[in-house]
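**Student:** Sequence first, then the predicted structure, then my questions.
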Amino acid sequence: MNRITLKQQLEAFDKGIILDSDGGESSCYNFYDWFCKDTSLKNKSIKLFKQVKRWVKFRNTDTEKVYVFFKNNCPVNGPLYDDFRICDVETSDVIWTVVPKSGHSGKAEVWGRANEFKGSIAVADNMNGIYKQSF
């Protein structure tokens, strides 16, 4: 399956368009999976795309080699929470999973390919705390 780049997704977002990783506009607003009401997806997507833009600057990401998608998670214990996943365009492998506020811990977390997703790479009270860390 062909994926568009994060650069294309962000350019569209700047014009008020939310593109899925396959380049289309849909009622899921770039969410792969969700447990919340369908009507809340658009606002969640807008919020997450703003966070993705900040992440790209923080990690100095080559937006022509990756794409992003969103997931709304339902933990056994705790509230629903959202994350975004930065993936390699060629392989579709997830490189980073960024959780602005975990339903498990209430903290911001970053998981990644660097440790094979065997645990969080960074944890902080919020995303500002994540951005203060180097990893």
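**Tutor:** Looks like it came in fine.
**Student:** Low-confidence ranges, this protein, go.
**Tutor:** Counting by pLDDT under 70, the chain contains low-confidence ranges at 1.
**Student:** mind checking how far the residue in the chain sticking out farthest from the centre is from Ser102?
**Tutor:** No residue in the chain sits farther from the centre than Asn77, which is 21.7 Å out by C-alpha atoms, centre = their mean. Look at Asn77 and Ser102: by C-beta to C-beta, to the nearest Å, they are 12 Å apart. C-beta coordinates here come from the backbone N, C-alpha and C atoms, glycine included.
**Student:** coming back round to it: who's the closest spatial neighbour of the residue farthest from the centre of the chain, skipping the chain neighbours?
**Tutor:** Distances taken as C-beta to C-beta, 6 or more residues apart in numbering place His104 nearest to Asn77, at 7.5 Å, with adjacent residues excluded.
**Student:** any idea which helix or strand carries the one you found?
**Tutor:** Using DSSP states H and E, His104 maps to neither a helix nor a strand.
**Student:** Angles on the backbone of it, please.
**Tutor:** phi -80, psi -50 (degrees, to the nearest 10).
**Student:** OK, contacts around it?
**Tutor:** Pro75, Asn77, Gly78, Tyr81 (C-beta atoms under 8 Å, 6 or more residues apart in numbering).
**Student:** The third one against Lys107, yeah?
**Tutor:** I take that to be Gly78. No - counting by C-beta atoms under 8 Å, Gly78 stays clear of Lys107, with 11.5 Å between them.
**Student:** So between the two, which is more surrounded?
**Tutor:** Lys107 (17 against 13; other C-beta atoms under 10 Å).
**Student:** so who does the more buried one touch?
**Tutor:** Contacts of Lys107 by C-beta under 8 Å, 6+ apart are Lys101, Val123, Ala124, Asp125, Asn126.
**Student:** Okay, it and Phe70: tell me how far apart.
**Tutor:** Lys107 is 19 Å from Phe70, by C-beta to C-beta.
**Student:** One more: Asn126?
**Tutor:** 19 Å.
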